[in-house]
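In: got a sequence here, can you model it:
(one chain, ligands or ions: 1)
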Amino acid sequence: MDYKDLANVIFPNVKNISYYEEKYPVRNLKEGAVVTRYAPSPTGFMHIGGLYQAVIAKKIANQTGGVFFLRIEDTDQKREIENGVLDIVNSLKEFCMSPDEGMIDEENEIGDYGPYKQSLRKEIYQAYAKYLIEKGLAYPCFCKAETLEEMRQKQEAAKERTGYYGVWSRCRHIPINEAIEKIKNGEEYILRFKSLGNPEKKIKHHDVIKGNVDFPENDQDIVIIKSDGLPTYHFAHAVDDHLMGTTHVIRGDEWLSSVPLHLQLFQELGFKAPKYAHIAPIMKEEDGAKRKLSKRKDPEAAVSFYLEAGIPEEAVDEYLLNIANSNFEQWRKQNPDVDMKEFDLQLNKMSVSGALFDMVKLLDISKRIISKYSAKEVYDKAIAWAEIHDENLKKLLQRDTEYSLKVLGIERGNEKPRKDIAKWSDLEYNIVYLFDEEFFKEKQEYEFQKINDKDEIKKIVESYISKYFNINDDKETWFNKMKDLSEEFGYAREVKEYKQNPENYKGHVGDISTVIRICLTGRANTPDMYEIMKVLGKESVVKRLQEAIK
Ligand code: GLU
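Out: Numbering: from 1, shown residues only. Modelled structure (predicted):
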C-alpha cells in the first residue's frame, strides 16, 4: 500500500490536476499587467474596509491593463448570511467597482476562470488535495474535536505552542494501510497538510506594502479539506489564486502572519507564488486612541451608510484613494478636473499602519465633487437618491422640474461653484427656502444681525423695493444699487471705506445686503443673492420682502 492507494480510496473519482491546469491556462496579458481580486466571504454587510480593498485592487488592475475579479469565499457555510452575495455584488456596482470577472449576481458570473464561488469548486480542490496525498504531503486525520481540545489543554499546561504539529500531529504517523482501513470502516476524517517546515528556520518575505518581513517557517499540519468536503481558506487561496492567475494578492493584513504557510502551500503544490500586498485596516480615533473601524460600533463602517446619506459614490471612492496614497491630495490640487482614474496608485506607497478615517475630509471631497456637477446632474442624482430615501425631496424637485433646475443652477457651472452640498440628504435644507410654496407655508423667524432695529429695517426694505429693485438689472447695476441704498441710510458703499473711517458710518454695504438677504430668504447665509433674485423672479422677491416688513 502506498500514498497512491490512499489517495484513490479517499478520492476515487476526481480528475487529474493536469485537466485543470489545461482548462485554466496562464492568462495572455501584456507585460506588467496585474491580476487582482476581491475575495470576500458573504458573512455580513459590506464593510468600508472591503470596499477599500476593492477600490485598490481594481485600480491597480486597471492601470496596468490587467484583470480585477470577484471571488466569493463561501466555504464556511455556517456563517453565511442570506443575500450575502447579492449585497457584495450590488455594493460593488453602486460604487462603480464591478469586477471584470466573477459573480454578477447570486448565481451568474462572467469570465473564463470560474466558477468564482468556492462552494462550486469542490472537485477542483479535491483534485489538488489528492495530488498532495499522492506526494505524501497530505493525510487523513481522524482526531475528534474532544481529542484536539484535550491536546490543546496539555499544550497550554506544558507552555508549548498550540496546534497540530511535530510530535503532536498524531495522525501523521498512522501507517497507510491502517488509515485505509479506518476510512473503509466509515470513520470520519478531515485532510491535513503535512508540513515539512522547521520553525527554527526563518523565511524572508517581501510584502509590497509592509516591506521586508521574516517569519519562522510553518510547521503546523493545517486542515486543507474539512469534513464537509470543502477546503479551508488557506488551501482554497493557494488553489484559486494559482488557477485564476492572480499576480497580486491584495488583502487585509490580518493574513500577513499566514504568509509562511501560504508560500509553503504554493511551493508544495508546484505553483508560482503571487506577490502579496497586505493592507492595514482603516482606523478610527476615539478618546485619543486609534482602533479599527468596527462593524458593531461605527455606523460608517457599513457601505450602506454612505448610500443612505446620499454621499455620491464617486466621493467615497476618491476618499478611499486619498487614504490609500498620501500623495493623492497633492495630485488632486494639481489636477482639479482630471478623472481620479488617471491617478497612478502605488501599492508600495500605502501606509504600513492603518489610515485614520476622517469624515470631514470625505465630506469636503464630496462637496468638491458635487460642486462640479451640472444642475441637471445634481437633479438626476438627487432624484435617484430621493426615490429610495426621501419622498419629500423627490416631490419638491419634481413639482416643477424647470424651476428646480434653475434653483440647482445657482452658483453652478462658473469658476467658483457653490460648495455647500456634501450629500443628497443635505439638499432639501439647502434649497427648500427657494420654493415659494414652502417658504410661505411657515412663519419665518427672521434673525437679524447687525441691523436689527425694526423701524430701520422696514425703511431699508421699503426703499429698496420702491427705488432700487429691478429684476432686469445686470449684476453690476444690481450691486451698485445695493450701494446706493447703503449710502441713503448712512452706511459705507464699500467695506474698505468703512474700515478706514468707521466713525463716519453706521456700518457698510454688507450690513444692508444682509437685511435684504434675510428678508428675502429667512437666512443670513445663502449663495449669491443676485442669482437668487433672478431665480425667484420679480413677483416672489417683492412678495417676500413685503411679507418680511409686515
Ligand atoms: N475571504 C477572505 C476574507 O474575507 C479573503 C482574504 C483574501 O483576500 O485572500 O478575509
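In: got the contact list for the residue most central in space within the chain?
Out: What sits nearest the mean C-alpha location of the chain, by CA atoms, centre = their mean, is L51, with 3.4 Å. Contact analysis of L51 by CB atoms under 8 Å, 6 or more residues apart in numbering lists 91-92, 95, 97, 303, 316, 320. All C-beta spots, glycine's among them, are computed from the backbone N, C-alpha and C.
In: so which of these belong to strands?
Out: Per DSSP state E, strands hold no members of the contacts of L51.
In: out of those, who's near the ligand?
Out: The subset of the contacts of L51 within reach of the ligand, by CB under 6 Å from any ligand atom, is empty.
In: out of those residues, which one sits closest to D420?
Out: Within these, proximity to D420 (CB to CB) peaks at V316, which comes in at 19.3 Å.
In: nearest spatial neighbour of the closest one, skipping sequence neighbours?
Out: Y306 (5.0 Å; CB to CB, 6 or more residues apart in numbering).
In: for the one you found, give its distance to the ligand.
Out: Y306 sits 20 Å away from the ligand, taking CB to the nearest ligand atom, to the nearest Å as the criterion.
In: again, but for G65
Out: On the measure of CB to the nearest ligand atom, G65 and the ligand end up 22 Å apart.
In: again with I124
Out: I124 is 17 Å from the ligand, by CB to the nearest ligand atom.
In: ok, that residue - contacts?
Out: 20, 239, 243.
In: ok, so of those residues, who is nearest the ligand?
Out: The ligand has its nearest neighbour among the contacts of I124 in V239, at 12.3 Å by CB to the nearest ligand atom.
In: contacting residues for that closest one?
Out: Taking CB under 8 Å, 6+ apart as the test, what V239 contacts is 121, 124-125, 128, 231, 269.
In: is the helix or strand harbouring it in proximity to the ligand?
Out: V239 is part of helix 233-243, with elements assigned from DSSP states H and E. Yes. Counting by CB under 6 Å from any ligand atom, contacts between helix 233-243 and the ligand involve H237.
In: and the next helix or strand past that helix?
Out: strand 248-252.
In: buried sites along that next one?
Out: Residues 248-251 are the ones in strand 248-252 that count as buried (16 or more other CB atoms under 10 Å).
In: which member of the residues you listed is positioned nearest the ligand?
Out: R251 (3.3 Å).
In: gap between the closest one and E437?
Out: 53 Å (CB to CB, to the nearest Å).
In: closest to D287 among the buried residues of strand 248-252?
Out: Proximity of the buried residues of strand 248-252 to D287, judged by CB to CB, is greatest for R251, which lies at 29.6 Å.
In: extract the CA atoms of the strand or helix carrying Y306 and return them as CSV.
Out: Per DSSP H and E: Y306 is located in helix 303-309. Taking Å, rounded to 0.1, in the frame of the first residue of the first chain, the C-alpha atoms of helix 303-309 are listed here in CSV:
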residue,chain,number,x,y,z
VAL,A,303,-21.0,51.0,2.9
SER,A,304,-24.8,51.3,3.2
PHE,A,305,-24.2,54.2,5.5
TYR,A,306,-22.9,56.3,2.6
LEU,A,307,-25.6,55.3,0.2
GLU,A,308,-28.3,56.2,2.8
ALA,A,309,-26.7,59.5,3.5
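In: distance between it and the chain's centre?
Out: Centroid displacement of helix 303-309 relative to its chain, using CA atoms, centre = their mean, to the nearest Å, is 10 Å.
In: for the stretch 251-400 of the chain, which residues are neighbours of the ligand?
Out: Counting by CB under 6 Å from any ligand atom, the stretch 251-400 of the chain sits next to the ligand at 251-252, 255.
In: how about a cut-off of 5 Å?
Out: R251 (CB under 5 Å from any ligand atom).
In: how about the strands in the stretch 251-400 of the chain?
Out: All strands of the stretch 251-400 of the chain, identified by DSSP state E, counting those that start in this stretch, fall at 275-279, 283-286, 289-292.
In: dump those to JSON lines, plus mean neighbour count and mean pLDDT.
Out: Shown next, in JSON lines, are the strands of the stretch 251-400 of the chain (neighbours: other CB atoms under 10 Å; pLDDT from 0 to 100):
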{"stretch": "strand 275-279", "mean neighbour count": "22", "mean pLDDT": "98"}
{"stretch": "strand 283-286", "mean neighbour count": "15", "mean pLDDT": "90"}
{"stretch": "strand 289-292", "mean neighbour count": "12", "mean pLDDT": "92"}
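In: and the residue of the stretch 51-200 of the chain closest to the ligand?
Out: E73 (3.6 Å).
In: that residue: how many residues sit nearby?
Out: 18 (other CB atoms under 10 Å).
In: now do the helices in the stretch 301-450 of the chain.
Out: 303-309, 313-324, 328-334, 359-371, 375-389, 391-399, 401-408, 424-431, 436-439 (DSSP state H, counting those that start in this stretch).
In: how about the ones you listed in JSON lines, adding mean pLDDT?
Out: Formatted as JSON lines, the helices of the stretch 301-450 of the chain follow (pLDDT from 0 to 100):
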{"stretch": "helix 303-309", "mean pLDDT": "96"}
{"stretch": "helix 313-324", "mean pLDDT": "96"}
{"stretch": "helix 328-334", "mean pLDDT": "96"}
{"stretch": "helix 359-371", "mean pLDDT": "97"}
{"stretch": "helix 375-389", "mean pLDDT": "97"}
{"stretch": "helix 391-399", "mean pLDDT": "96"}
{"stretch": "helix 401-408", "mean pLDDT": "97"}
{"stretch": "helix 424-431", "mean pLDDT": "96"}
{"stretch": "helix 436-439", "mean pLDDT": "95"}
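In: returning to what we had before: check contacts around the residue nearest to V316.
Out: Counting by CB under 8 Å, 6+ apart, Y306 has contacts 48, 300, 313, 316.
In: can you read off the backbone torsions of D214?
Out: phi -130, psi 150 (degrees, to the nearest 10).
In: right, and it touches H206 too?
Out: No. Taking CB atoms under 8 Å as the definition, D214 is not a contact partner of H206, at 10.1 Å.
In: let me know the closest of the contacts of I124 to L29.
Out: L243 (15.4 Å).
In: now the residue lying closest to that closest one once chain neighbours are set aside: phi and psi?
Out: Ranked by CB to CB, 6+ apart and with sequence neighbours excluded, the top spatial neighbour of L243 is Y24, at 4.5 Å. For Y24, the backbone dihedrals (degrees, to the nearest 10) come out as phi -120, psi 80.
In: which residues are in contact with Y24?
Out: 112-113, 243-245.
In: may I see the buried residues of stretch 542-550?
Out: 544-545, 547-548.
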